[in-house]
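Novice: Coordinates for the following, if possible.
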Amino acid sequence: MEKIKIFISGTNDEFTELENRINTWFSKNEGITITARQVKTVSTVNFKGEPIVNCTIVIFYQPKA
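Specialist: Next comes the predicted model:
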């Protein structure tokens, strides 16, 4: 049965943290096969006019047979 894992980052400063969270999750879940992935980014500005980039990564996986 296929499962999903969702990772979300809210600002530009969090992308390194997002990468570390994903790599840590991968290292703790070596017994899975990635079947697909989706990456979605949305760029906007906050009320101060500062740019904000939101990133969502969805990983579809299943246990290795």
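Novice: drop to CA atoms for contacts and neighbour counts, all remaining ones
Specialist: Noted.
Novice: how about the helices in this protein?
Specialist: With helices called from DSSP state H, the chain shows them at 15-28.
Novice: Low-confidence ranges, the chain, go.
Specialist: Across the chain, the ranges flagged by pLDDT under 70 are 12-13.
Novice: mind running it again at 90?
Specialist: 1, 9-18, 43-47, 49-55, 64-65 (pLDDT under 90).
Novice: ok, for Leu34, nearest residue in space, not its chain neighbours?
Specialist: One correction, residue 34 is Ile, not Leu. Among residues not flanking Ile34 along the chain, Tyr61 sits closest, at 4.3 Å (C-alpha to C-alpha, 6 or more residues apart in numbering).
Novice: Now for the one you found, how many residues are close by?
Specialist: Neighbour count of Tyr61, defined by other C-alpha atoms under 10 Å: 17.
Novice: Okay, and the beta partners of it?
Specialist: Legend: beta-bridge partners of Tyr61 under DSSP bridges are Lys3, Ile34.
Novice: Quick check, it in contact with Ala36.
Specialist: Yes: the pair Tyr61 / Ala36 is scored as a contact, 7.0 Å apart, by C-alpha atoms under 8 Å.
Novice: State the distance from the nearest residue to Thr44 once chain neighbours are set aside to Gly10.
Specialist: Leaving aside its sequence neighbours, Thr44 sits nearest to Ile52 (C-alpha to C-alpha, 6+ apart; 5.3 Å). Per C-alpha to C-alpha, to the nearest Å, Ile52 is found 7 Å from Gly10.
Novice: Also Asn29?
Specialist: The spacing between Asn29 and Gly10, counted by C-alpha to C-alpha, is 24 Å.
Novice: out of those two, which sits in the busier spot?
Specialist: The residue with more neighbours, out of Asn29 and Gly10, is Gly10; 15 against 11, by other C-alpha under 10 Å.
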